[in-house]
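**Q** No sequence on hand, only this structure:
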């Protein structure tokens, strides 16, 4: 009984850290898949032809989100560039580890280079055991999915 009392806290801390890491990586990969399938609307020119605004594109993105995400906490950033070399991506985390909400929506036109980024603030729970991968205030990890492509000549 004494041996179990000594080993149990370390065992359960490690177990919960492994579970949280697995769920977080699953959520990150799911966000990447959503970004790729949503970016196709811009890639093919459907979003531009339909006159999508940022809210319309976010609504489209939210239609693909599974239950592990809250659509109110998904943020969309779409920027267009003329060449791949001119792409500049800013950090969405300020010096105080707070999330900077993006406000860009520029899907470009035919043949433009477009960067679509989705952001989600993932809440972490197992951070008191020395396993802290948070990069935002409040024990949160910013999950970022990025898709870069050149739009088709629609």
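**A** Great, that's in hand. The structure displayed is predicted, hence computed values, not measured ones.
**Q** which residues in the chain form helices?
**A** Secondary structure of the chain (DSSP state H): helices at 2-43, 46-49, 54-62.
**Q** if I look at residue 61, how far off is residue 41?
**A** 9 Å (CB to CB, to the nearest Å). Quick note: C-beta positions are derived from backbone N, CA and C, even for glycine.
**Q** Kindly report the same for residue 84.
**A** Distance from residue 84 to residue 41, by CB to CB: 21 Å.
**Q** Of these two, give the one with the bigger neighbour count.
**A** Taking neighbours as other CB atoms under 10 Å, residue 84 and residue 41 compare with residue 41 leading, 20 against 10.
**Q** contacting residues around the more buried one?
**A** Shown in contact with residue 41 (CB atoms under 8 Å, 6 or more residues apart in numbering): 47, 52, 57, 60.
**Q** so what's the third one up against?
**A** The reference is to residue 57. 38, 41-42, 47, 76, 78, 105, 107.
**Q** Please render those residues as a markdown table that adds distance to residue 132 and pLDDT to the earlier fields.
**A** Formatted as a markdown table, the contacts of residue 57 follow (distance: CB to CB, whole Å; pLDDT from 0 to 100):
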| residue | distance to residue 132 | pLDDT |
| --- | --- | --- |
| 38 | 31 | 96 |
| 41 | 37 | 96 |
| 42 | 36 | 97 |
| 47 | 38 | 95 |
| 76 | 28 | 97 |
| 78 | 32 | 97 |
| 105 | 34 | 96 |
| 107 | 37 | 96 |
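**Q** can you tell me which residues contact residue 88?
**A** Counting by CB under 8 Å, 6+ apart, there are no residues that residue 88 touches.
**Q** Which strand residues bridge the closest residue to residue 106 other than its chain neighbours?
**A** Once flanking residues are discounted, residue 106 sits nearest to residue 80: 4.7 Å by CB to CB, 6 or more residues apart in numbering. Beta-bridge pairing for residue 80 (DSSP bridges): residue 114.
**Q** So what's the residue count around residue 80?
**A** The number of residues packed near residue 80 is 19, by other CB under 10 Å.
**Q** Give me the angle between the helix-or-strand element of the chain with minimal mean pLDDT and helix 54-62.
**A** The helix or strand of the chain with the poorest confidence is helix 2-43; it has a mean of 92 (mean pLDDT, DSSP states H and E). Between helix 2-43 and helix 54-62, the angle comes out at 130 degrees (axes from the mean of the first three to the mean of the last three CA atoms, to 10 degrees).
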